[in-house]
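*Asks:* Structural data only, the sequence is not supplied:
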């Protein structure tokens, strides 16, 4: 009898130690999934998982074993779960169901639980950057889905690394944030393009959901100040010698230096293109200008004399792209027409004047007309098109000629694939003057070289 009692005590103690204290735990199920995950941390007993409809009827069930390595439970079902159904797990002891888990209601499908959010890169991208922080579609806890952020095929060809090593993607957190580290530092002229997809991690064979990406974002050149181009031009001005006086043929050459800042005010698309824009410019230079002079003792005769001068001019034009852009190699060009308004002043740099000055040493001017030109597009939303060539046709008042209204025709043409430029300026009168005869028309030519200042600085060797 004593031995029998000891045997019963041993059996009861063993059963008490084997009997689990807590039921199996299930992760929150969601509609559309056909796999349910869970855990049994205290027992290796088999687990039965039942799926009930809203009326409490069993619609499907599955008996599974607990994974001994990590105590996980994975149960696949022939039919996908539907929102509103109820899922519950039981331990099996023989054919007996024991210790049911808390019933869980199947939620809406994870892919419909929130609208995808387009990828947005936080902060400015600059050369040398290796870390990029983004906001995108959140990865909801226990949803069965993950949002993966990765480099698009047309973006920077670089891998993404995190603290765990190399990965082809980064996963957003519950707030939709992710940190991405590229293999190589970003460089000016590249563009970053990040894509995202929502992946069903419970079923690798399920189709992924493509969500909006960031689009191509150019790596800004630190020498570029927004949508501004700085053009530096140097060369010689060729004009008629000895002030266009009669019986004095010949030519003279004067130094020409000019700095022009041109800004596009309205945003561009990813190809650096906009059909209509608003541009303004400021221009300062050292050059030679024609001035009206009167011969001493005869106020009825006047002529044009070249004088060295400093000029300052400002203007605005509204370029309208005509037709469609065209490509030549890697370059993309377009033709534009624009209404133009400009004003400025000219001051002579020398007091040496051979004849009596009609208009003194300080000349104001303004004119209105049109500009025809050619743009070269940068294929970047952060860089305005480059003004390659143009012709300005205007009518206005030019103080250095003394007459109220004259026509001006000015053009600048760039030699393809070189910094060389050819320019001209013609000033044409429209009638006589009560005090003086009409000054002769003036024509000047420019031969020189022009540089986009940012590109010029970029080409210099680093120190």
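*Replies:* Received the coordinates, thanks. The structure presented is a predicted model; accordingly, all values stated were derived computationally and were not measured. Numbers count the residues shown, from 1 in each chain.

*Asks:* these two touch, right, residue 453 and residue 230?
*Replies:* Yes. If you go by C-beta atoms under 8 Å, residue 453 and residue 230 touch, sitting 3.5 Å apart. Using the backbone N, CA and C atoms, a C-beta is placed for each residue, glycine as well.

*Asks:* Overlap in contacts, the two.
*Replies:* Both residue 453 and residue 230 are contacted by residue 259, under the criterion C-beta atoms under 8 Å, 6 or more residues apart in numbering.

*Asks:* how does the protein divide into domains?
*Replies:* Listed domain ranges for the chain are 20-108, 111-218, 228-459 (source: automatic domain parsing).

*Asks:* Worst mean pLDDT among the ones you listed?
*Replies:* Ranked by mean pLDDT, the domains of the chain bottom out at domain 111-218, which scores a mean of 78.

*Asks:* distance between it and the chain's centre?
*Replies:* Centre-to-centre, domain 111-218 and its host chain are 17 Å apart (C-alpha atoms, centre = their mean, to the nearest Å).

*Asks:* Each with direction, which strands does the helix or strand hosting residue 449 pair with?
*Replies:* If you go by DSSP states H and E, residue 449 is part of strand 442-452. The sheet places strand 442-452 alongside strand 228-240 (antiparallel), strand 420-429 (antiparallel), with pairing taken from DSSP bridges.

*Asks:* want to throw the domains of the chain into a markdown table with mean neighbour count?
*Replies:* Formatted as a markdown table, the domains of the chain follow (neighbours: other C-beta atoms under 10 Å):
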| stretch | mean neighbour count |
| --- | --- |
| domain 20-108 | 16 |
| domain 111-218 | 16 |
| domain 228-459 | 17 |
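
*Asks:* Who does the residue nearest to residue 228 when sequence neighbours are not counted form a beta bridge with?
*Replies:* Nearest residue to residue 228 in three dimensions, chain neighbours excluded: residue 263, at 4.6 Å (C-beta to C-beta, 6 or more residues apart in numbering). Note on residue 263: beta-bridge partners by DSSP bridges are residue 228, residue 280.

*Asks:* Help me confirm that residue 263 comes into contact with residue 279.
*Replies:* Yes. Judged on C-beta under 8 Å, residue 263 makes contact with residue 279 at a distance of 6.6 Å.

*Asks:* Which neighbours do these two have in common?
*Replies:* Joint contacts of residue 263 and residue 279 (C-beta under 8 Å, 6+ apart) are residue 384.

*Asks:* who's in contact with residue 195?
*Replies:* With the criterion set at C-beta under 8 Å, 6+ apart, residue 195 makes contact with 119, 149-152, 210, 213-214.

*Asks:* sec struct for it, please.
*Replies:* strand (DSSP: H, G, I helix; E, B strand; the rest coil).

*Asks:* now the residue most central in space within the chain: how far from residue 271?
*Replies:* Most central in the chain under C-alpha atoms, centre = their mean is residue 217, positioned 3.7 Å from the mean C-alpha point. According to C-beta to C-beta, to the nearest Å, residue 217 stands 13 Å off from residue 271.

*Asks:* Please apply the same query to residue 53.
*Replies:* 55 Å.

*Asks:* same thing with residue 30?
*Replies:* Distance, residue 30 to residue 271, by C-beta to C-beta: 41 Å.

*Asks:* contacting residues for residue 339?
*Replies:* Contact analysis of residue 339 by C-beta under 8 Å, 6+ apart lists 317-318, 368-371.

*Asks:* That one bridge partners, please.
*Replies:* residue 370.

*Asks:* Which parts of this structure are helices?
*Replies:* Using DSSP state H, the helices of the chain run over residues 2-18, 453-459.

*Asks:* Flag whichever of those helices has the least confidence on average.
*Replies:* helix 2-18 (a mean of 49).

*Asks:* my read: residue 25 touches residue 37, true?
*Replies:* No. Using C-beta under 8 Å, residue 25 makes no contact with residue 37, being 9.8 Å away.

*Asks:* how near is the residue lying closest to residue 421 once chain neighbours are set aside to residue 62?
*Replies:* Of all residues not flanking residue 421 in the chain, residue 450 sits nearest, at 4.6 Å (C-beta to C-beta, 6+ apart). Remark: distance between residue 450 and residue 62 (C-beta to C-beta) = 76 Å.

*Asks:* ditto for residue 96
*Replies:* 17 Å.

*Asks:* Also residue 398?
*Replies:* 92 Å.

*Asks:* same check, this time on residue 74
*Replies:* Separation of residue 74 from residue 62 (C-beta to C-beta): 10 Å.

*Asks:* Likewise for residue 422?
*Replies:* On the measure of C-beta to C-beta, residue 422 and residue 62 end up 83 Å apart.

*Asks:* That's all I had, so thanks and see you.
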